[in-house]
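Q: Sequence and predicted structure below; questions after.
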Amino acid sequence: MHILTTTSASLDDLAEPVDLRQTPADIVALSFTDSDLAGLAAAWKADAGRLPSMRLAALRDLRHPMSVDLWVDSVARHAKIILVRILGGHDWWRYGCDQFAATARAHGIKLALLPGESHDEDLRLIEASTLPREELDSLLAYFREGGPANMSALMRRLAGLAGLAGQDAEIAEPVEVPKVGYYEPTRGIVPLPQRGLGGAPPAGGGGHRRGRQQRDRPHA
């Protein structure tokens, strides 16, 4: 899998067209958000032996129309499924959305255009996509919940949509990730206990008051 090194470029930094020089893959995914790309990359690497080829690209590198055309011609039009998560919606990447929609329909590619803001609905992205609304909602839910388990399930779902997973492969639905909690090595993210249920303070705590404060404080 080719993963481009992320940069700190802002939306207005790239005024010239660029050629990302990526080769084709069965699944391609694009996002403006580094966390999306990193999560997908980690999920692919964890199960690379059973997953199809994949390419990832940052949308900030495809702002210029010529950059979009080059990438569509060299990568996108050869894919079986294209996933794009657009911060700002259709208006932010109008040319890219239009070109991807036309390419997907011309080549029979499954296209999912998703909003970057998980709670928003962008009807133009839905209409430009070639997957049904229910499938788009499911794909967005993996990003909405986040976490390694959901990213792994998303990768398996994309492989299935591309027709590259076994018919008996089980694809997990998105699972809710606690918004506030703490991390345990063998359990992952664990929700904070409800107040008033008691429980011993963390090891090394300095008395009941200090232990209560540490227990109630969310951890990153």
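A: Looks like it arrived, so ask away. Small disclaimer: the values here were computed from a predicted structure and weren't measured. Residues are numbered from 1 along each chain as shown.
Q: What separation do you get for residue 23 and residue 54?
A: Remark: distance between residue 23 and residue 54 (Cβ to Cβ, to the nearest Å) = 11 Å. Placement of C-beta: from N, CA and C, glycine included.
Q: the more surrounded of the two?
A: Set side by side, residue 23 and residue 54 show more neighbours around residue 54, with 26 against 10, by other Cβ atoms under 10 Å.
Q: my read: the more buried one touches residue 25, true?
A: Yes: counting by Cβ atoms under 8 Å, residue 54 does reach residue 25; the two are 5.3 Å apart.
Q: Pull out the buried residues from stretch 22-40.
A: 22, 25-32, 36-37, 39-40 (16 or more other Cβ atoms under 10 Å).
Q: brain fart, stretch 142-160
A: For stretch 142-160, by 16+ other Cβ under 10 Å, it's 142-147, 149-160.
Q: Report all helices and strands that the helix or strand hosting residue 73 contacts.
A: If you go by DSSP states H and E, residue 73 is part of helix 65-74. If you count contacts as 3 or more Cβ pairs under 8 Å, 6 or more residues apart in numbering; DSSP states H and E, helix 65-74 packs onto helix 94-107.
Q: Tell me the helix or strand right after the helix it packs on.
A: With DSSP H and E, the next secondary element past helix 94-107 is strand 110-115.
Q: pull the helix or strand with minimum mean pLDDT from the protein.
A: Least confident helix or strand, the chain: helix 208-216 with a mean of 43, by mean pLDDT, DSSP states H and E.
Q: burial count for the residue lying closest to residue 130 once chain neighbours are set aside?
A: Closest residue in space to residue 130, ignoring its immediate chain neighbours: residue 111 at 4.5 Å, by Cβ to Cβ, 6 or more residues apart in numbering. Neighbourhood size, residue 111 [other Cβ under 10 Å]: 22.
Q: Use 863 as the first number from now on
A: Understood, numbering begins at 863; the last thing we discussed is residue 973.
Q: Quick one: residues contacting residue 973.
A: Under the criterion of Cβ atoms under 8 Å, 6 or more residues apart in numbering, the neighbours of residue 973 are 943-944, 946, 962-963, 966, 990-993.
Q: repeat that for 7 Å
A: By Cβ atoms under 7 Å, 6 or more residues apart in numbering, the residues touching residue 973 are 944, 962-963, 966, 991-993.
Q: Where do the helices of this protein begin and end?
A: 896-908, 927-936, 956-969, 985-990, 995-1007, 1010-1023, 1070-1078 (DSSP state H).
Q: Same list, those helices, but as JSON lines with distance to residue 920 please.
A: Listed next are the helices of the chain as JSON lines, based on distance: least, Cβ to Cβ, whole Å:
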{"stretch": "helix 896-908", "distance to residue 920": "7"}
{"stretch": "helix 927-936", "distance to residue 920": "11"}
{"stretch": "helix 956-969", "distance to residue 920": "12"}
{"stretch": "helix 985-990", "distance to residue 920": "18"}
{"stretch": "helix 995-1007", "distance to residue 920": "16"}
{"stretch": "helix 1010-1023", "distance to residue 920": "17"}
{"stretch": "helix 1070-1078", "distance to residue 920": "38"}
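Q: out of those helices, nearest to residue 979?
A: helix 995-1007 (10.0 Å; Cβ to Cβ).
Q: Let me know the average pLDDT across that closest one.
A: Throughout helix 995-1007, pLDDT has a mean value of 93.
Q: Point out the other helices and strands that that helix packs with.
A: Where contact means 3 or more Cβ pairs under 7 Å, 6 or more residues apart in numbering; DSSP states H and E, helix 995-1007 is packed against strand 972-977, helix 1010-1023.
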